[in-house]
Every structure is written in structure tokens, then in C-alpha cells.
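1. quick one, fold the following:
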Amino acid sequence: MCTLAHVFEAAGLSTVTISAIRSVAERMRPPRVLHCEFPLGRPVGKPNDPEFQHDVLSRAFSLLEQETGPVLEDHPEEIIGGEDSLSCSVPPRFDPELAPAVDEARGLRKAYDRALARRGVSEVGMAVDPDGVPGALDVLQRIVDGTPWKSAGIPGGHTTAVANDIRAYYEEAALELAGAPNAGGGQAESWFFEQTEAGKLLLSVRKALQAQGAPQPVWFYMAPMYRS
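-> All right, here's what the predicted structure looks like:
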């Protein structure tokens, strides 16, 4: 975003950037940036708090009053620390012949379908649809088991899109199972990466891809950078 800000400014468009990592803003020096010391993935702060979110946006847009820069200001409130994981039990194994994550994903399908019927929308579908999630997990498991990533048959050839679809499928199902549609994103993220076979698999395949010499963009964005 910092780079795009410079491009747009060069074309005569005034820009404002919201920063999540201060050192990046200091190094890239975009014309106007509001740094927000919030958890990654929450650029405007507190979930379900429109007053706080509007305050963040108002402070950011007020930087447009500065005709020259670079201007770097900090939001006065910091949000430090994570959240407890979502309380959600994963369905028990059904088919021990399947890879754990594949069996797990199949067990969550009814919960996912209920969530979709209730919400009417889903974030699944960048690379695979809900029917394709177990198969995508099977491909990732094969990579962990040693299959070269280039010949593994990654759906759409895009690891990040596949990872995002898998995570969306799980988190939407989990919020339905837990009866917590308004739970914070950090809670669902912690549950996915810390308590599910699919979350553990994404972290394992990221390491496997790196070990196979895959370019950084292939593996780096499959999970938050602070997850390992």
C-alpha cells in the first residue's frame, strides 16, 4: 500500500495510508500515514464497534489537510494482545483411512452449509468451492509427504487463494457450531491454527514448500507471518 500511495501521488491523487507495522511506514515514507498499533488483520481496530472504527477513519482522512509530507501520525489508542480461541469442538474422526485434515473438513460440511443458508454469502470460492476443500487439503497433505509442489495439482495453481478458501470454510462452519456469529476474527484465527488439523497442515505445508525451494510468494502468505 505504501508503494501504491507513491504511485497515486505521482499521478496527482492525494492518498492516506493506514499502517499496521510502523517500521514499514518509516522505511517506505508514504505521503500521509496513520499508524494503528492494532492486531494484524484489524486495520480499523475493534470488531463490532462502529464508533471506534469511524474515529480511526476520521483521523486518517484528516491527514488530507496536510498538503506536503511525509506525515506519520499514531492513533492514540493501542490494542495489544490476542484473544482467547473460539470455543468450538471439531467433529470426531469418521474415516481413519483419510488424511486427518480431509476427514475433519468433511465432518464440518453440514455446519458450513447451515452457516451459508443463514448468512446467504460465503468467502469460500477464490480457488475452490466448498466441495473442493477436502480435495485441496489432500493436495497439501501430499506436498507435506514429499510430492513436488509443481506437480501436486494445487487448485488454480495459487497456494494463497487455496489457503484462504480453506480457512474461510472452517471459520464460517466454526462460528455456526459455536453459536457465535459475532466472535472476533482473532478468536476464529486462533481456533483454526491452534486446534484444527487443517490449520496445522497449512503451517506444515508452508514449511514444506520453503524446504522444496518454492519462491517466497508461493508459501509466505498462506498464513499470518507470526504463525509458525
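2. residue 48: neighbour count?
-> 9 (other CB atoms under 10 Å). (Glycine included, C-beta is placed from N, CA and C.)
3. go on, residue 221?
-> 15.
4. which residues does it contact?
-> Each residue near residue 221 by CB atoms under 8 Å, 6 or more residues apart in numbering is listed here: 159, 160, 163.
5. if I look at the first one, how far off is residue 13?
-> Residue 159 sits 33 Å away from residue 13, going by CB to CB, to the nearest Å.
6. try the last one
-> For residue 163, the distance to residue 13 (CB to CB) stands at 33 Å.
7. that older thread, tell me the one of the contacts of residue 221 nearest residue 96?
-> Closest approach between those and residue 96, by CB to CB: residue 163, at 25.3 Å.
8. name the helix or strand for that closest one, please.
-> Here residue 163, judged by DSSP states H and E, is contained in helix 159-178.
9. any idea which helix or strand comes after that helix?
-> helix 185-195.
10. run the angle between the helix or strand just after that next one and helix 185-195 for me.
-> Remark: after helix 185-195, the chain's next helix or strand is helix 197-211, criterion DSSP H and E. Compare the direction of helix 197-211 with that of helix 185-195 by axes from the mean of the first three to the mean of the last three CA atoms, to 10 degrees and you get 80 degrees.
11. quick one: the helices in this structure, in order.
-> Remark: helices assigned in the chain by DSSP state H are 2-10, 22-28, 50-62, 100-107, 109-119, 133-144, 159-178, 185-195, 197-211, 216-219.
12. thinking residue 176 is in contact with residue 108, fair?
-> No: with contacts counted by CB atoms under 8 Å, residue 176 stays clear of residue 108, the gap being 9.2 Å.
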